[in-house]
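> need the 3D shape of this:
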Amino acid sequence: MKNYLALMEKVLSQGDFRVDRTKIGTFALFGETLSFDLTKGFPAVTTKKLFFDSVKAELAGFLEATTRVERMQELGTSIWNANAKNGELGKIYGYQWRKWNGYLDQLQTTVDQIIVNPTSRRHIVTAWNHSELNEMCLPPCHTHFQFFVRKNFLDCIFYMRSVDIFLGMPFDIASYALLTHIVAQDTGLTPGNLTGMFADCHLYANHLEQAKIQLTRPPYPAPILHLDKNAGINNFSPKMAFLLGYISHDKIIAPMAV
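Next up is the predicted model:
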């Protein structure tokens with residue numbers, strides 16, 4: 001995760017100040033990328049604590065296509081609480097992945113195509129459904145992702161229209177790394193490279209001191225993901241995944257912009 005820290009330092013030193021939807025203000029850069037070799041370990045941030053239990057729970061909720069905050073809480077995460085309206089999340093990520101326009105399972109279709117037509121350039125899943133944005137409690141930040149079969153490896157690229165580099169980015173990187181492992185297991189492939197493409201890559205004005213603290217901390221070695229052999233896109237629960245050898249510095253508290 002040294003490349004993540006380098007990007008944070010770049011945003012801190014070179015980002016343009018912008019007025020944003022939350023009225024907090026951000027320092028932002030546009031069009032940044034980070035890549036991780038999943039064969040060399042799991043890309044979990046170590047310069048502060050990654051709440052991997054919450055990552056697993058949210059992804060499980062997405063794979064179930066849940067639209068209720070109570071279900072997210074049952075799975076083990078409270079990160080959607082502030083966005084829910086009377087318990088309803090609307091047609092967020094997982095609904096779009098698994099029930100696009102109410103019927104199309106994009107993720108299953110993609111997994112099937114990886115198996116039967118691995119060299120296709122159409123292994124794409126999108127959450128940015130223009131016709132249903134007003135039915136979501138929050139428009140998707142990570143809008144779509146694409147898989148690429150390289151020999152026996154499965155690579156993944158995910159695109160984010162907007163990303164909070166301090167709170168959100170480590171969480172999203174871990175989530176897509178976990179998803180890549182799950183899809184690789186479903187398709188009989190080995191997790192390969194994970195690349196994040198970040199459009200509006202920003203640091204909130206009230207996260208500056210926290211970022212400076214994080215940048216003083218040396219990273220620890222990457223942990224290893226243990227994934228239950230039965231885990232798949234249609235059979236995943238948070239207890240099926242855990243990190244081996246994960247060591248981190250203490251958590252750094254920062255407010256979430258809503």
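> where do the strands sit along the stretch 101-250 of the chain?
Counting by DSSP state E, counting those that start in this stretch, one finds strands in the stretch 101-250 of the chain at the ranges 124-126, 142-150, 153-164, 190-204, 224-227, 241-244.
> quick check: buried residues in the first one?
The neighbour-count check on strand 124-126 (16 or more other C-beta atoms under 10 Å) flags residue 125 as buried. All C-beta atoms are positioned from the backbone trio N, CA, C, and that covers glycine.
> for stretch 84-101, same thing?
By 16+ other C-beta under 10 Å, the buried positions in stretch 84-101 come out as 84, 89, 90, 91, 92, 93, 94, 95, 96, 97, 98, 100.
> then stretch 128-139?
Neighbour counts over stretch 128-139 (16+ other C-beta under 10 Å) mark 129, 132, 136, 137, 139 as buried.
> which one of the residues you listed is nearest residue 40?
Of all those, residue 40 sits closest to residue 139, with 33.7 Å by C-beta to C-beta.
> which ones are touching that closest one?
If you count contacts by C-beta atoms under 8 Å, 6 or more residues apart in numbering, residue 139 has them with 128, 133.
> got it, and residue 152?
Contacts for residue 152 (C-beta under 8 Å, 6+ apart) come out as 189, 190.
> gap between it and residue 104?
From residue 152 over to residue 104 the distance is 29 Å, taken as C-beta to C-beta, to the nearest Å.
> do the same with residue 122
With the distance defined as C-beta to C-beta, residue 122 ends up 14 Å from residue 104.
> out of these two, which sits in the more crowded spot?
Using other C-beta atoms under 10 Å as the criterion, residue 122 and residue 104 rank with residue 104 on top: 13 against 10.
> quickly list what that one is bridged to.
Counting by DSSP bridges, residue 104 is bridged to residue 100.
> quick check: nearest residue in space to the spatially most central residue of the chain, chain neighbours excluded?
Nearest to the mean C-alpha position of the chain, by C-alpha atoms, centre = their mean, lies residue 172 at 2.2 Å. Of all residues not flanking residue 172 in the chain, residue 142 sits nearest, at 5.8 Å (C-beta to C-beta, 6 or more residues apart in numbering).
> who touches the one you found in this structure?
93, 127, 158, 159, 160, 163, 172, 176 are the contacts of residue 142 under C-beta under 8 Å, 6+ apart.
> go on, residue 162?
By C-beta under 8 Å, 6+ apart, the contact set of residue 162 is 141, 199, 200, 202.
> quick one: which of those is most hemmed in?
Busiest of the contacts of residue 162 [other C-beta under 10 Å] is residue 202, holding 28 neighbours.
> show me what that residue bridges to in the sheet.
When assigned by DSSP bridges, residue 202 has beta-bridge partners residue 28, residue 164.
> picking that back up, for the strands of the stretch 101-250 of the chain, which one sits closest to residue 73?
Nearest of the strands of the stretch 101-250 of the chain (C-beta to C-beta): strand 241-244, 18.9 Å.
> off-centre distance for the closest one?
17 Å (C-alpha atoms, centre = their mean, to the nearest Å).
> list the strands paired with it, with their directions.
Counting by DSSP bridges, the strands paired with strand 241-244 are strand 224-227 (antiparallel).
> what's in contact with the strand it pairs with?
With C-beta under 8 Å, 6+ apart, strand 224-227 has contacts from 41-42, 177-178, 181-182, 185, 240-245.
> rerun at 7 Å
Residues from elsewhere that reach strand 224-227 (C-beta atoms under 7 Å, 6 or more residues apart in numbering): 41, 42, 181, 182, 185, 240, 241, 242, 243, 244, 245.
> could you do stretch 202-219 as well?
Contacts of stretch 202-219 (C-beta under 7 Å, 6+ apart): 1-2, 5, 8-9, 11-12, 15, 24-28, 46-48, 164-166, 249, 252, 254-255, 257.
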